[in-house]
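Asks: I need the structure of the sequence given here:
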Amino acid sequence: MGPDGDLIPVHIITGFLGSGKTTLLRGVLASPAFANTAVVVNEFGAVALDHLLLQRVDPDTVVLQTGCVCCTLRSELGAALRDLYDKRERGRVPPFDRLVIETTGLADPAPLLFTLMADPVLRYHFRLGTIVTTVDAVNGARHLAQHLESVKQVAVADQVVLTKTDLVDRASVDGLRAAVARYNPTAPLFEAPAESLAFDRLFRGEASDSPDQARAGPGSPPARARVPVAAPDGGEHATDGHARDISAVSLTVDLPLDWTAFGVWLTMLLHAHGENVLRVKGILRIRGMSIPVVIHGIHHLMHPPTSLPRWPTADRRSHLVLIVRKLPAPAIERSLRAFLRLAVR
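Replies: Numbers count the residues shown, from 1 in each chain. Have a look, this model is predicted:
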């Protein structure tokens, strides 16, 4: 296999029960921009593929009229993806250019992402693409307040789609946008059906893309402390204790980073607290480099760092966003500053 650009991107669609994942997936399958796409779902019936069916390869795999390949997940994910890739290489299914996986509504996406990033065979053929999370505008605030799975789904997202926005008033949508931003301040938000979703745009961003500079750029505080998502009176959306402990921490460093010192700090943080670090994503200015380095990871596992050809904005500072559980933002910031001070001595 060639360089990273030759690997097949794997995009993830996740979201809580009833949040519109399958509707989004149907749109992807019908989009000309997503011809030659393989899709992994839990069952064919839920996606209603009969009108698109071109060929059934075997009980678990079908080929659609658009050239897409769709298979059901009846075994462990790693085995299913290896089998799908084998069918591609042997010509049993079309040579798909990308893969989309739809998770179940109650799924914690972290184990799936870990499989993609850690399995040595899969890493040779696939790379993590964009994680898109759907959030139901009618019930999303309650799900975020009461279900840890919903919070994790939002926390790991590269893009968030707010669905059913036509069924609630503007104040409710704005409140949900604020709740999502508390757990993931870097993910762009799209509204459906208010916005006509361009699927190539929605899935264009890779996991190696930089954090959104509009949300972590000039003027941002050095660390964003945890903010509760529900009123303390235990009202309609009373917050589950697990969800209440999750926060987004945004760190900004003005001077170029010493790569070794930063790597030691991050390694020690993940070694000690990896189970409580839901997502790490950053764009870094490294001493001696003119282009930015992008990092991202899930829990203990970090994806190999990549570089961007140029800085996305005029801001040349390092920005790091961590979605954490039960870790105080000031302590994380103090530890990073301490390591960076040692590096310049």
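
Asks: C-alpha only now, for contacts and for neighbours.
Replies: Will do.

Asks: so residue 94: helix, strand or coil?
Replies: Per DSSP: H, G, I helix; E, B strand; the rest coil, the secondary structure class of residue 94 is coil.

Asks: and the gap between it and residue 122?
Replies: Per CA to CA, to the nearest Å, residue 94 is found 19 Å from residue 122.

Asks: likewise for residue 254?
Replies: Residue 254 is 37 Å from residue 122, by CA to CA.

Asks: what ranges do the strands span in the stretch 151-300 of the chain?
Replies: 159-163, 189-191, 246-253, 277-284, 293-298 (DSSP state E, counting those that start in this stretch).

Asks: can you lay out those as TSV showing distance to residue 89 and mean neighbour count?
Replies: Formatted as TSV, the strands of the stretch 151-300 of the chain follow (distance: least, CA to CA, whole Å; neighbours: other CA atoms under 10 Å):
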stretch	distance to residue 89	mean neighbour count
strand 159-163	31	26
strand 189-191	36	18
strand 246-253	42	25
strand 277-284	33	25
strand 293-298	30	23
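
Asks: to residue 17, which of those lies closest?
Replies: strand 159-163 (12.2 Å; CA to CA).

Asks: who are the packing partners of the closest one?
Replies: Applying 3 or more CA pairs under 8 Å, 6 or more residues apart in numbering; DSSP states H and E, one finds that strand 159-163 contacts strand 126-136, strand 189-191.

Asks: which of the ones you listed is buried the deepest?
Replies: Across the helices and strands packed on strand 159-163, averaging neighbours per residue (mean count of other CA atoms under 10 Å) puts strand 126-136 on top, at a mean of 25.

Asks: got any ranges where the stretch 51-200 of the chain has weak pLDDT?
Replies: Along the stretch 51-200 of the chain, segments meeting pLDDT under 70 span 51-75, 194-196.

Asks: run the last query once more with 50
Replies: 51-59, 62, 64, 66-67, 74 (pLDDT under 50).

Asks: please name the nearest non-neighbouring residue to residue 167.
Replies: Nearest in space to residue 167, with sequence neighbours left out and distances taken as CA to CA, 6 or more residues apart in numbering, is residue 138 at 6.9 Å.

Asks: enumerate every residue touching that neighbour.
Replies: For residue 138, the contacting residues are 164-165, 167-168, by CA atoms under 8 Å, 6 or more residues apart in numbering.

Asks: let me have the residues you listed in a markdown table, extended by distance to residue 146.
Replies: Below are the contacts of residue 138 laid out as a markdown table (distance: CA to CA, whole Å):
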| residue | distance to residue 146 |
| --- | --- |
| 164 | 20 |
| 165 | 21 |
| 167 | 21 |
| 168 | 20 |
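
Asks: mind checking pLDDT for the closest residue in space to residue 96 that isn't next to it in sequence?
Replies: Take residue 96 and drop its neighbours on the chain: the residue closest to it by CA to CA, 6+ apart is residue 36, 4.5 Å away. For residue 36, the pLDDT comes out at 82.

Asks: test my guess that residue 36 contacts residue 97.
Replies: Yes - counting by CA atoms under 8 Å, residue 36 touches residue 97, with 5.7 Å between them.

Asks: who's more crowded, the two?
Replies: Set residue 36 next to residue 97 and count neighbours by other CA atoms under 10 Å: residue 36 wins out with 20 against 16.

Asks: distance check, the more buried one against residue 6.
Replies: 15 Å.

Asks: over to residue 130?
Replies: As defined by CA to CA, residue 130 lies at a distance of 16 Å from residue 6.

Asks: swap in residue 282?
Replies: With CA to CA as the criterion, residue 282 and residue 6 are 23 Å apart.

Asks: for residue 342, same thing?
Replies: Distance, residue 342 to residue 6, by CA to CA: 39 Å.

Asks: look at these two and report which has more neighbours.
Replies: For the pair residue 342 and residue 6, the greater number of neighbours falls to residue 6 (13 against 9), based on other CA under 10 Å.

Asks: pLDDT score for that one?
Replies: pLDDT, read off for residue 6, is 83.

Asks: can you give me the distance of it to residue 112?
Replies: Remark: distance between residue 6 and residue 112 (CA to CA) = 22 Å.

Asks: returning to that earlier point: need the strands of the stretch 151-300 of the chain in TSV (columns: distance to residue 199).
Replies: Shown next, in TSV, are the strands of the stretch 151-300 of the chain (distance: least, CA to CA, whole Å):
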stretch	distance to residue 199
strand 159-163	11
strand 189-191	11
strand 246-253	27
strand 277-284	23
strand 293-298	23
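
Asks: nearest to residue 335, of those strands?
Replies: Nearest of the strands of the stretch 151-300 of the chain to residue 335, taken as CA to CA: strand 246-253 at 11.5 Å.

Asks: which residue ranges form the helices in the stretch 101-250 of the chain?
Replies: Using DSSP state H, counting those that start in this stretch, the helices of the stretch 101-250 of the chain run over 109-118, 120-125, 140-146, 148-155, 170-183, 199-202, 241-244.
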